[in-house]
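Enquirer: Sequence first, then the predicted structure:
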Amino acid sequence: MNPPKNDKEFKELADEMIEWFKEKDNIYLKNFSVMKGFPATSISKYARKNKYFKEKLALAKDIQESRLVQKGLGENVSPNFLMFMLKNTAGWRDRFADEKEEKNTPSIKLVLKESKSEKKKSKSKDNKDQINMFEDDEKTK
């Protein structure tokens, strides 16, 4: 297949891609490109060149992800293979406990200050310590 050259050809290819996905057995986007006779890497190149194609590609990827999840929920599919496919086609990834929910989440720092009553207690304790030191000095004399 020759690459699309104008908006009309991009639109035709994008619509054909969505039509292809209407068939329930069509799950994997790469199969569409193989069937059409062009490398799968061309799909993202076409999306950068044409806005309509980009929108339809986003829809096709959503359909692909949805179908993979549905397959995993309803059929005997290896969970490991399903996760592999979702990680490689839909951007899924493992989340670790120490990761923040969002990358731009501000961090919160708590600074504890002594209350007035704690300061008074601290001062009276310091005074008692000083008095005890003074008494100890007096005893050694």
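Expert: Received, thanks.
Enquirer: which residues of the chain fall in helices?
Expert: Listed in chain order, the helices of the chain (DSSP state H) span 7-22, 29-36, 41-49, 51-74, 79-89, 116-140.
Enquirer: List the contacts of the first one.
Expert: The set of residues external to helix 7-22 that reach it, using Cβ atoms under 8 Å, 6 or more residues apart in numbering, is 4, 26, 29, 32, 35-36, 46, 49-50, 52-53, 55-57, 59-60, 63-64. All C-beta spots, glycine's among them, are computed from the backbone N, C-alpha and C.
Enquirer: tell me the average confidence for it?
Expert: Averaging pLDDT along helix 7-22 gives 96.
Enquirer: which residues of this protein score low on pLDDT?
Expert: Low-confidence segments of the chain, defined by pLDDT under 70: 75, 88, 90, 96-141.
Enquirer: For stretch 21-34, measure first residue to last.
Expert: 14 Å (Cα to Cα, to the nearest Å).
Enquirer: buried residues in that stretch?
Expert: Under the neighbour-count criterion of 16 or more other Cβ atoms under 10 Å, stretch 21-34 has 21, 26-27, 29, 32-33 buried.
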